[in-house]
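Asks: Output the structure for:
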Amino acid sequence: MSETARKELQLAFCPGCGTFLQKAAIAQSEMICPCCGKDVVVSIKNGKVIVFESRRESEQDPEYMMRVRAMTYLNRMRKAK
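Replies: Just a heads-up that it's a prediction; the model follows:
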């Protein structure tokens, strides 16, 4: 029977509000924080977690920004209940 090495999972949190974003052993992704609506980049590699705010001003189209605002508004409404 062969043994496979299992990597330890790392956790990533939003740098703005501290909301949990992702759990993985290796990851490279861009996402929107479900709580504060910030665009963040998550990089998990070799046991190190790097999370920072994405700042691509040229890609901010109005439809995308409306989705971000709506998602942030709905999450705040859920927390208020």
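
Asks: list the buried ones in the helix or strand bottoming out on mean pLDDT in the chain?
Replies: Within the chain, no helix or strand scores below helix 62-80, which has a mean of 77 by mean pLDDT, DSSP states H and E. Neighbour counts using 16 or more other C-beta atoms under 10 Å place 68, 72, 75 of helix 62-80 among the buried residues. Using the backbone N, CA and C atoms, a C-beta is placed for each residue, glycine as well.

Asks: swap in stretch 43-62?
Replies: Going by neighbour count (16+ other C-beta under 10 Å), the buried part of stretch 43-62 is 44, 49, 51.

Asks: Which single one of the residues you listed is nearest to residue 30?
Replies: residue 51 (10.9 Å; C-beta to C-beta).

Asks: contacting residues around that closest one?
Replies: 12, 13, 14, 15, 21, 40, 41, 42, 43 (C-beta atoms under 8 Å, 6 or more residues apart in numbering).

Asks: Surely residue 31 is in contact with residue 43?
Replies: No. In this structure, residue 31 is not within contact of residue 43 by C-beta atoms under 8 Å, at 11.8 Å.

Asks: before we move on, back to that, which members of the contacts of residue 51 occur in helices, if any?
Replies: Counting by DSSP state H, the contacts of residue 51 place none of their members in helices.

Asks: got any ranges where the protein has weak pLDDT?
Replies: Low-confidence segments of the chain, defined by pLDDT under 70: 1-6, 56-60, 81.

Asks: Recalculate using a threshold of 90.
Replies: For the chain, applying pLDDT under 90 flags the ranges 1-8, 16, 30-39, 53-81.

Asks: For it, just list every one of the strands.
Replies: Assigned by DSSP state E, the chain shows strands spanning 10-13, 20-24, 27-32, 39-45, 48-53.

Asks: So for residue 63, which of the ones you listed sits nearest?
Replies: strand 27-32 (13.6 Å).

Asks: hmm, who's touching that closest one?
Replies: For strand 27-32, using C-beta under 8 Å, 6+ apart, the contacting residues are 12, 21-22, 38-45, 54, 68, 71.
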